[in-house]
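Trainee: Need the 3D shape of this:
(chains A, B and C)
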Amino acid sequence: MKISRRGFLGAAGAGTLGGVVSIFGVPKSVKAAEIPEIKTVRSTESTTICPFCGVGCGLIVSAREGKVINIEGDPDHPINEGSLCSKGMALFQIAVNERRLDKVKYRAPGSSEWEEKSWDWALPEIAKRVKKTREATFIAKEDDKIVNRTNGIACLGGAALDNEECYLYSKFARSLGVTYLEHQARI
Amino acid sequence: MNTIKGNLEILEPFVLDLKKYFEKSRALSLFKRLPLRDETDNAAQRFSEGSYLLSPCGIELNKNECNSLALELMDILKLHLIDRSDEIAAINNLFINEEIIPHKIILNTLKNEGNEIRKQISHSNLSEDLFTFFLVYLARPFREQAATFLMEEVDKLNWQYGYCPICGHWPELGHINSEGGERTLWCLCCNTKWKFKRTQCVFCLNENHEFLEIINPVNEDSYRIQACKKCKRYLKEVRNSDDVTNFPFDKIYLGTIPLDIISENQGYIQESILTVRYDNSNGNELLMYRQKVMKEKINFN
Amino acid sequence: MTNHWIDIINADVAMVMGSNIVENHPIASKWLTRAKERGAVIINCDPRYTRTSSFADIYCKFRSGTDIAFVNGIINYALENNFINKDYVLDKTNASFLISEKYSFNDGLFSGYDSGTRAYDKTNWAYELDGNGLPKKDLSLQHPRCVYQLMKKHFNRYDIDSVCRVTGAPKDVYEKVCRTFTSTWVPNRVATWLYAMGTTQHTHGTQNIRSYSILQLLLGNVGLAGGGINALRGESNVQGSTDMGLLFHLLPGYLASPTKADQTLDDYKKNNTPKTNDPKSANWWGNYPKYITSLLKAWYGNNARADNDFGFNFLPKRSADYSHISLFETMYSGKIKGLFLFGQNPAVGGPNSNKERKALEKLEWMVAVDIFETDTSVFWKRPGIDPADIKTEVFLLPACSSIEKEGSVSNSGRWVQWRYKAIEPISESRSDLWILDALHKSVKKEYAAGGTYREPILNLNWDYGNGNEIDFHKEPDVHLVAREINGKFIQDKEVMILKDLKSFKKGDQAPSFAALQDDGSTSCGSWIYCGSYPGHTHEKNNMARRKKKDAINNIGLYPEWSWAWPVNRRIIYNRASVDINGNPLDPKRWVVRWNAIAKKWEGDVPDGPWPPDEKYPFIMKPDGHAWLFAANLNDGPLPEHYEPLESPVDNYMSNQQVNPAVKLWHKVNPEGNPIGDSTMYPIIGTTYRVSEHWQAGAMTRNIPWLAELVPDVFVELGFDLADQKRIKNGDKVVVKTARGSMDAYALVTRRFQPFQLNGKVVHEVGIIWHFGYSGLARGDSANMLTSHVGDANTMIPEYKAFLCDVNRKEGGVV
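Mentor: Numbering: from 1, shown residues only, chains lettered A, B, ... in the order given. From the prediction side, this is the model:
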């Protein structure tokens, strides 16, 4: 560790380190090299918006080594100014919760249990069913008028999805010809 | 020295004497003529442009108070910084020989006249960091009194920058209130405190959280450092439930030297008053940034 | 909201009706507190004495389902006492417009009603036009067929005595409410109206809001700071999800989804683009063609061209009502085979749970995407069901939580706020963005080999930077999506924006929707979001702005904190807040003002950039005026009181018991849709929320801290009813309606007081509706009691007023 004297009046450039450290708290008998290193941990603080009601309170999430260590209200947010209601305060327990879904699951017809599956398995299976249903229920024309829709597939959700996700959902659903497209705003 | 708590204990007597020195000085009338103070509207205008308020124009100091404070501070240093006694004696001699005159050098300091100060001590062999420390703490009661005077008009106004709204120096310490999470920055030079956004670098105004790192000592995690990977500067911070008006900034500033060591070890640069240039801003981009803000009224987004 | 959360501080009077803001939007009540500190009077009207009631200065009780009578009475009070902002009403509303001779109202029905179809011929309510095709007006407001006089006649029936008789409101308090609220008719006093589901979840929910709007317009409170009509939305992004068109009748940006009548893009444009002959009307929806064409370009890229009608027929066309209740009715009939659920739990949140859960059993497949195992996703093993009987395949896909992804959400105040990813999605969970991207790619792959009309799928413009294959580790770039939503120029173009000619290059992001074109030279995913991301890098992402500096008018706009739609306007209709010279009507809290020297507007983004008096302020209406008389609604141009579908009394105001335009599902599809009357179900039932739980409970009932705070479902009832039924606080009880019954704990309080209706005592009870059979905290769902009946315009279910009975559960165990 470098403890050097850095000039206030001299010509030393801005890049040199040290300075005030040399003055204080170092007992006379201790040499620079003897000062032991302090163990540290690093974290990041990022901002987010609460996923619950429509006030849109700001929060700061502290994360360390890929895990959430703290969630608090964002004091700089003009609406909530750092305060949170009981739901916002409990957001930590959304991040850290053993009940969180962590694997793809599948329930077979008539079964009373979930089976664990993978994305690689599930996505093509879902696509097959989408196609099967769309093929079986697609109506190109109704009373000689173009309608190009399927009433056999319905899409619900999601008022807690991001705007970009909702936009893609809308695009995806309509591309299939889905007209039964609804979500929480309706109810 | 490997814990902040330990460091605070070692420094306790020193800090206590400094505290008494500050408290005594607050009762004194330090200015024969106070700095110019803007009307609130003008102050608001200056604030929005990033212009700090302390203008040394027309200031006159009370010479007697300058002398007595210089003497008192010298005594404190003599008493506590035993391993620097030679250097302290050297500073003392400059006063005795009238090579530096308290009210003049304090005024130089208030005006940030680095060159002028340099001239006055050029022939001596003073250690620069100690002399800087001495000047900062000597000028402090004056800057603080000026700050109190100036703040009366502006305490409700919005200051969006990281440097001190009164004297323009970079903050030495931040305080985060654990109730509500608000951050307050503190200026060593004039004891001014101002609120500042949590998720932003004080120095370069970077708001990208991927470039902002929080470093905590493992066993004393109410202390922390906010370090910016973009500009490589850092700020020491303390998080606790104290009200910012009661928080002992001076004591904690000195006691958290270990955080400065940690930051240096991790490659960050200490942008401290004790290391900053005044008029000579060679290589100091952040000082230049601050000056640029004031000159060109940069708008930040 | 027309205004926004912080703006509440600017009100002199705040009416909280149809909302329990202190309970359910707790942080927002901070702004009510500050308003109070400035001298504001808070009025709360609710069937139950809630946390908001105890915070309010005036609390007025009234019966669930009688909101229209209540507010119509205040309107009548204002009209009779001339507590009207005459200038505002004359200049800015259609009060002076003349209505067709065919219009009439009698005994609860407007003219043009067909009882067979239960629908009105709205042409009976049209304006009477002059030779230029403009509505005739009487600026003296005396003509018997001017809107103002028609209103006086209509609302005249809602005198205080009648209102109190219908609503059960105490007369003295009601008078106080009328006096206090209408005191804001003067230009320097303003009131805000805060409402939520208590307003909307009725068979006449839309007309509830209409009554608020009419009153606010008469008082001159719309477009002003501290005023407006403010819906307190319940989810973090229900505003955004609606903005992005996740409803059957919408495309993103509130464009209509095509119907069968729109066979070509020209048909669609013609059928949807309003016209006006009035040069002073900005008629902003006249820009419809630009927005739909830009949307088609965003969705279909180069596959949407002038020569193929911009791919218009790629979009499905609707022929009927596909809203939630209809959806589940159709599902119940077996016609819906597959269901996608992205973060929704209808098994708890939908009305008539028993029927809707049964409907789910008819599905062949379900894809549920969520962060916890929801009640809906395990409908096949719910209590009382043998899974062996249910053939539905269920795919449960793990979504990541909000802090594990990056994107934007829009709050009630239309503030679109960017939020960041703090940690990676846990385990194998993925963002909904990744999941949708993967689903589209998977379906596209399925259709590569062939299939029916696969063009809409294969031609979709869909490239978000993570390649053509599905890679677990490669997220789609949310910034690309956000920039697509904002819109851009597809070719070099010069565009006239107001009076300036602006030059754009191919690839430039569009700066605002004023730049969008209808010739295919621009693309834009949602026109109202145009301007949210007008550059190519995150530095230009306006939604991510965090500058906490107020505008020069200091009314809490914070114009550089995030971005609000449209075009960062924080208070909409704000040009209604100035006079013809652009001077604020309420200078103390001015929103916009015209700087005659600089020749520009100051303050908030003006609602229309034109200089003062060039265009009328209500630019989204073809006639540029706010509609006191609204001829476009299904159940009438003026609000009229009807009883809820299940009501303990006859309609006192007319012989029309129920909203005549409501679809009666119990007659259309009787199975599973029984309704009850007060002989078997004498008690009024309603539903409400608590602060600790959220919506259908899938999140909060899985959070230990919150599950501990409110672990069980309860029904709240008053002391009188409890005594009568020998129910003690904490007893287990059964609440029953014609649809079903549920078990709950009894919470006996003074907060429900009985009503005196037609000489008899009628009680009301309320059940919290967050509960279901899965999660940490479990219980019966209040929606087992509610029915499939919805509003005449929006089809939102009538959760807030039904008939039930409550009795002690014999045998103890719930």
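
Trainee: in the stretch 351-500 of chain C, what residue is nearest chain B?
Mentor: Nearest residue of the stretch 351-500 of chain C to chain B (C-beta to the nearest C-beta) works out as C:Tyr420 at 6.3 Å. (Glycine included, C-beta is placed from N, CA and C.)

Trainee: longest helix anywhere in chain A?
Mentor: Longest helix of chain A, by residue count under DSSP state H: helix A:119-137.

Trainee: next one: that helix to chain centre, how far?
Mentor: Chain-centre distance of helix A:119-137: 28 Å, with C-alpha atoms, centre = their mean, to the nearest Å.

Trainee: neighbouring contacts of it?
Mentor: A:104, A:106, A:150-153, A:176-177, C:337-338, C:364-365, C:367, C:393, C:395, C:397, C:428, C:430, C:438-439, C:442-443, C:445-447, C:451-452, C:470, C:472 (C-beta atoms under 8 Å, 6 or more residues apart in numbering or on different chains).

Trainee: Spatially central residue for chain A, please.
Mentor: A:Thr48 (8.4 Å; C-alpha atoms, centre = their mean).

Trainee: secondary structure class for that one?
Mentor: strand (DSSP: H, G, I helix; E, B strand; the rest coil).

Trainee: gap between it and C:Val713?
Mentor: 30 Å (C-beta to C-beta, to the nearest Å).

Trainee: re the thing from before, quick one: which of the contacts of helix A:119-137 sit in strands?
Mentor: Of the positions in the contacts of helix A:119-137, A:104, A:106, A:150-153, C:338, C:365, C:367, C:393, C:395, C:397 sit in strands, assigned by DSSP state E.

Trainee: who's in contact with C:Val238?
Mentor: A:54, A:159, A:183-185.

Trainee: Local confidence estimate at the nearest residue to it once chain neighbours are set aside?
Mentor: Counting by C-beta to C-beta, 6 or more residues apart in numbering or on different chains, A:Ala159 is the residue found nearest to C:Val238 once chain neighbours are left out, at 3.8 Å. Here the pLDDT value assigned to A:Ala159 is 97.

Trainee: For stretch C:212-222, which outside residues touch it?
Mentor: Under the contact criterion C-beta under 8 Å, 6+ apart, stretch C:212-222 has outside partners C:2, C:17, C:71, C:74-75, C:78-79, C:83-85, C:87-89, C:92-93, C:151, C:181-182, C:184-185, C:187, C:190-193, C:195, C:199, C:227-229, C:573, C:576, C:585, C:626, C:628, C:638-639.

Trainee: where does the chain have low pLDDT?
Mentor: I'll assume chain A. The model of chain A has pLDDT under 70 over residues A:1-36.

Trainee: nope, chain C please
Mentor: The low-confidence ranges in chain C, as defined by pLDDT under 70, are C:811-814.

Trainee: Save the ones in strands among the contacts of helix A:119-137 as TSV, and put in neighbour count and distance to chain B too.
Mentor: TSV is the format used below for those (neighbours: other C-beta atoms under 10 Å in any protein chain shown; distance: C-beta to the nearest C-beta, whole Å):
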residue	neighbour count	distance to chain B
A:Val104	22	30
A:Tyr106	20	37
A:Thr150	26	43
A:Asn151	23	46
A:Gly152	23	45
A:Ile153	26	40
C:Gly338	25	40
C:Trp365	22	40
C:Val367	24	34
C:Glu393	21	41
C:Phe395	22	34
C:Leu397	29	28
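
Trainee: ok so, going back, any chance you could read off phi and psi for the residue of the stretch 351-500 of chain C closest to chain B?
Mentor: Dihedral angles of C:Tyr420 (phi, psi; degrees, to the nearest 10) stand at phi -110, psi 160.

Trainee: which residues does the closest residue to it other than its chain neighbours contact?
Mentor: Closest residue to C:Tyr420 apart from its sequence neighbours, by C-beta to C-beta, 6+ apart: A:Ser46 at 4.2 Å. The neighbours of A:Ser46, taking C-beta under 8 Å, 6+ apart as the test, are A:60-61, A:63, B:199, B:209, C:420-422.

Trainee: ok, so of the contacts of C:Val238, who is nearest C:Ser741?
Mentor: Set against C:Ser741, the nearest of the contacts of C:Val238 by C-beta to C-beta is A:Gln184 (25.7 Å).

Trainee: Can you report how many residues neighbour the closest one?
Mentor: 27 (other C-beta atoms under 10 Å in any protein chain shown).

Trainee: Which residue, other than its chain neighbours, is closest to it?
Mentor: With C-beta to C-beta, 6+ apart as the criterion, A:Gln184 has its nearest non-adjacent residue at 4.0 Å, and that residue is A:Ala159.

Trainee: and that neighbour, helix, strand or coil?
Mentor: Once three-state DSSP is applied, A:Ala159 turns out coil.

Trainee: Surely it and A:Ala185 touch.
Mentor: Yes: at 6.6 Å, A:Ala159 and A:Ala185 qualify as touching, with contact defined as C-beta atoms under 8 Å.

Trainee: check contacts around A:Ala108.
Mentor: Taking C-beta under 8 Å, 6+ apart, one finds A:115, C:393 in contact with A:Ala108.

Trainee: for the lengthiest strand in chain C, which positions count as buried?
Mentor: If you go by DSSP E, chain C has its longest strand at strand C:741-749. Using 16 or more other C-beta atoms under 10 Å in any protein chain shown as the test for burial, strand C:741-749 gives C:741-748.

Trainee: strands paired with the very next helix or strand once past that strand, and their directions?
Mentor: Next in sequence after strand C:741-749, counting helices and strands by DSSP states H and E, comes strand C:755-757. Each strand that pairs with strand C:755-757, with its direction, by DSSP bridges: strand C:760-762 (antiparallel).

Trainee: Quick check: buried residues in the partner strand?
Mentor: C:Val762.

Trainee: how far is that strand from where the chain is centred?
Mentor: On C-alpha atoms, centre = their mean, the centre of strand C:760-762 falls 33 Å from the chain's centre.

Trainee: Next, the angle strand C:741-749 makes with the following helix or strand past that strand.
Mentor: Using DSSP H and E, the next helix or strand after strand C:760-762 towards the C-terminus is strand C:764-768. With axes from the mean of the first three to the mean of the last three C-alpha atoms, to 10 degrees defining the directions, strand C:764-768 sits at 110 degrees from strand C:741-749.

Trainee: nearest spatial neighbour of C:Val166, skipping sequence neighbours?
Mentor: Using C-beta to C-beta, 6+ apart, the closest residue to C:Val166 is C:Ala69 (4.4 Å).
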